[in-house]
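> Okay, predicted coordinates and the sequence, questions at the end:
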Amino acid sequence: MSKKVAAVPKGYRTATPCLIVNGVELAIDFYQRAFGATIETRTYDPTETTLIHATIKIGNSIILLTQETPVLGSFSPATLGNNGSQIHLYVKDVEQLWDNAIAEGAVELSSLSDAYWGDRVGTLIDPFGHRWSLASRVEHVSKDEVQKRAASLFMPAEETQDPFVAANETQETQRVAV
């Protein structure tokens, strides 16, 4: 009788992100320095010269890294010049991790700020083209309060007193009048 195999390997969750990168070794190095990642596994090509796959752990989360392989249609966001996904990383000290990531070469997309749902959060892009939102929960906000804050933040432009919106409306009116 054979031993039963777990459908989800030990330490993994049902959904596990796999990032396609151009340079797995470089990516490991960046994620270690920027996010404190640890290496779980490494897989080399048959010649044992090129790292083609790795498993890293950031906090309690496993992330797979796979070498870009154009012949298989597998491209990194840096090669494509576009990224349609983002990893949200909750950490104890978002300020420190943010500073580490920027110092190691990540580029800020939106600065750290306090969000209406209770997180201090910002978005950056790593040197491999992957988007990350880094966050720490700083406030417990009820569902009703989140709804109220969101409604206030996202109300239609004509109902706001936003000077940028008002200036654009004035410019548009002036163009039509001319």
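Structure's in. What do you need? Numbers count the residues shown, from 1 in each chain.
> So for the residue most central in space within the chain, what's the pLDDT?
Residue closest to the average C-alpha location in the chain (C-alpha atoms, centre = their mean): Trp132, at 1.8 Å. In this prediction, Trp132 carries a pLDDT score of 97.
> contact partners of the helix or strand it falls within?
Element membership of Trp132 [criterion: DSSP states H and E] is strand 131-137. Residues from elsewhere that reach strand 131-137 (C-beta atoms under 8 Å, 6 or more residues apart in numbering): 83, 85-94, 97-98, 101, 106, 109, 112, 115, 118-126. The C-beta positions use only the backbone N, C-alpha and C, and glycine is treated the same way.
> please redo it, this time with the cut-off set to 6 Å
With C-beta atoms under 6 Å, 6 or more residues apart in numbering as the test, strand 131-137 has contacts from 83, 86-91, 94, 97-98, 118-125.
> What remains of those if I keep only buried residues?
87, 89, 91, 94, 97-98, 118-125 (16 or more other C-beta atoms under 10 Å).
> so which of those comes closest to Thr79?
Using C-beta to C-beta, Ile125 comes nearest to Thr79 of the buried ones among the contacts of strand 131-137, at 14.0 Å.
> List the beta-bridge partners for the closest one.
Val107, Arg131 (DSSP bridges).
> okay, it: pLDDT?
On the pLDDT scale, Ile125 is placed at 96.
> again with Ala166
48.
> Over to Gly11?
Here, the pLDDT recorded for Gly11 equals 87.
> Spatially nearest residue to it, not counting backbone neighbours?
Closest residue to Gly11 apart from its sequence neighbours, by C-beta to C-beta, 6 or more residues apart in numbering: Ile62 at 6.1 Å.
> Distance check, the one you found against Leu19.
Look at Ile62 and Leu19: by C-beta to C-beta, to the nearest Å, they are 12 Å apart.
> These two: which has the busier surroundings?
Between Ile62 and Leu19, counted using other C-beta atoms under 10 Å, the more crowded position is Leu19 (21 against 18).
> Test my guess that that one contacts His130.
Yes. Leu19 is within contact range of His130, at 5.5 Å (criterion: C-beta atoms under 6 Å).
> rewinding a little: across the sheet, point out what pairs with the residue nearest to Gly11.
Beta-bridge partners, per DSSP bridges, of Ile62: Lys57.
> just to revisit the earlier point, what comes up buried for the strand holding Trp132?
Buried residues in strand 131-137 (16+ other C-beta under 10 Å): 131-136.
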